[in-house]
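Q: Have a look at this fold, sequence not included:
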């Protein structure tokens with residue numbers, strides 16, 4: 001019991017550190033500053049190119065594979081961005097079999113008729129050895145965009161919906177703060193019962209791994225991005241070697257952000273409700289696959305890191321409520337719990353309370369009941385199981401895939 005009490009005290013101390021000194025990861029306060037009223041359609045009074053009156057050119061690259069169902073929900077809004085500078089969209093079709101390029105061409109023609117941005121649909125070439133599927137599609141789009149000599153390349157996904165004026169805000173923020181990367185974590189869909197359980201925790205755990213404040217601090221080595229929205233300064237991307245250095249990355253957004261920040265660039269990552277993923281994950285199996293397909297990749301296929309992760313999740317999330325419940329049950333039963341048991345129970349209750357508080361801002365962001373917060377330990381154990389299953393898949397020879405496109409085995 002003494003050893004268990006010590007573990008509970010360590011867990012409680014860890015939660016104190018996480019809330020007070022871990023980059024404020026739980027606060028959801030890193031939001032893109034805006035200098036205009038988007039709803040009223042007012043342009044920012046400050047222009048990033050005030051000396052010329054011109055806004056920098058932007059080319060958006062959308063890697064797509066079998067996205068015929070998603071594009072009608074997302075592509076019109078991207079093409080319809082009221083951006084004051086030159087803007088066009090390149091969609092790279094990676095061997096779709098569901099009519100994705102035909103749907104894109106039709107939507108692009110409609111956009112031009114309505115005064116929207118032009119769209120080019122590029123047929124993807126066979127993937128070379130050593131390239132991840134999505135990164136190869138992104139690379140082909142970036143090569144196509146190079147002819148325009150844009151100031152920025154915007155990498156986004158086929159399932160991402162854009163609110164009016166969002167591109168303008170991204171470019172203004174990049175120019176104002178001289179950032180090489182401005183990325184926003186899209187608000188993921190959380191409509192079904194399982195989506196409400198898994199999705200907010202996914203963003204919460206991501207922020208715990210990569211605290212956004214530290215990502216945004218030039219003095220910190222922490223780097224990360226969100227693949228659904230990555231506005232990158234073209235000169236910085238070229239200087240870093242383009243996408244070639246991250247060609248095999250299966251978690252491409254983090255790898256690309258790390259590459260840029262390591263090269264001395266200023267980067268920014270935050271949360272938003274203006275950019276949303278519309279992709280549904282109606283079943284638990286869909287969400288399980290979303291996490292398990294790349295969780296072990298994040299651990300660099302290391303059994304040692306896997307064991308440490310499982311142990312860490314258990315100590316941080318499972319031990320506190322277990323100790324608190326056992327102690328409260330003993331007290332309710334009228335038996336003397338003892339000094340060690342009391343220490344374990346009080347420390348466990350404190351740790352559970354702190355983790356509950358830390359989850360409230362994320363639940364608020366997703367407009368979910370705060371009563372869900374105390375269940376975070378159960379969700380963490382579910383994620384631990386998904387991570388273990390990710391390792392099992394790896395050793396069983398099940399390759400990580402992007403939209404059904406299997407990656408090379410590591």
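A: Yep, that arrived. Here the structure is a predicted model, which is why all the values come from computation and not from measurement.

Q: Show me which residues of the helix or strand hosting residue 19 are buried.
A: Per DSSP states H and E, residue 19 falls inside helix 2-21. Going by neighbour count (16 or more other C-beta atoms under 10 Å), the buried part of helix 2-21 is 4-5, 7-9, 11-12, 14-15, 18-19. The way it works is simple: take the backbone N, C-alpha and C, and place the C-beta from them, glycine included.

Q: And stretch 313-330, by the same measure?
A: 313-324, 326-327, 330.

Q: Tell me which helix or strand the closest residue to residue 67 other than its chain neighbours sits in.
A: Distances taken as C-beta to C-beta, 6 or more residues apart in numbering put residue 158 closest to residue 67, at 3.8 Å, once the chain neighbours are dropped. Here residue 158, judged by DSSP H and E, is contained in no helix and no strand.

Q: likewise residue 390?
A: Using DSSP H and E, residue 390 sits within helix 376-395.

Q: Which strands and helices lie in contact with that helix?
A: Counting contacts by 3 or more C-beta pairs under 8 Å, 6 or more residues apart in numbering; DSSP states H and E, helix 376-395 packs against helix 193-209, helix 284-292, helix 295-298, helix 303-313, helix 339-365.

Q: so which of those helices gets nearest residue 241?
A: For the helices and strands packed on helix 376-395, proximity to residue 241 was assessed by C-beta to C-beta; helix 295-298 is nearest, at 21.6 Å.

Q: Other residues contacting the closest one?
A: Under the criterion C-beta atoms under 8 Å, 6 or more residues apart in numbering, residues 209, 250-251, 306, 386-387, 390-391, 393-394, 400 lie in contact with helix 295-298.

Q: and it, how far out from the chain's middle?
A: Centroid separation for helix 295-298 versus its chain: 14 Å, with C-alpha atoms, centre = their mean, to the nearest Å.

Q: picking up where we left off before, what pairs with the helix or strand that the helix holding residue 19 is followed by, and is each one parallel or antiparallel?
A: Where DSSP H and E defines the elements, the next helix or strand beyond helix 2-21 is strand 58-64. Strand 58-64 pairs in its sheet with strand 87-93 (parallel), strand 152-156 (parallel), by DSSP bridges.

Q: State the mean pLDDT of strand 58-64.
A: For strand 58-64, mean pLDDT is 98.

Q: go on, stretch 113-131?
A: For stretch 113-131, mean pLDDT is 94.

Q: Equivalent analysis for stretch 317-333, please.
A: Mean per-residue pLDDT for stretch 317-333: 94.

Q: and residue 238, which of the three is it?
A: With DSSP: H, G, I helix; E, B strand; the rest coil as the basis, residue 238 sits in helix.

Q: and the gap between it and residue 140?
A: Distance of residue 238 to residue 140, computed by C-beta to C-beta, to the nearest Å: 16 Å.

Q: So for those two, which sits in the more crowded spot?
A: Between residue 238 and residue 140, counting by other C-beta atoms under 10 Å, residue 140 is the more crowded of the two (22 against 11).

Q: so what are the domain limits for this structure?
A: Following automatic domain parsing, one gets these domains for the chain: 2-21+300-404, 58-280.

Q: roughly how far out does the shortest one sit from the chain middle?
A: Okay, so that is domain 2-21+300-404. Remark: domain 2-21+300-404 is offset 22 Å from the chain centroid, using C-alpha atoms, centre = their mean.

Q: now swap in the longest one and tell me
A: In terms of C-alpha atoms, centre = their mean, the centre of domain 58-280 is set 11 Å apart from its chain centre.

Q: Can you tell me which of the domains of the chain is most buried?
A: Counting by mean count of other C-beta atoms under 10 Å, domain 58-280 has the highest mean neighbour count of the domains of the chain, with a mean of 20.

Q: So what would you say the end-to-end distance of that one is?
A: 29 Å (C-alpha to C-alpha, to the nearest Å).

Q: now swap in stretch 215-227 and tell me
A: Criterion C-alpha to C-alpha; first-to-last residue distance in stretch 215-227 is 15 Å.

Q: what comes into contact with that stretch?
A: Applying C-beta under 8 Å, 6+ apart, the contact partners of stretch 215-227 are 23, 30, 134, 155, 157, 181, 183-186, 206, 209-212, 214, 252-254, 256-258, 260-262, 266-270.
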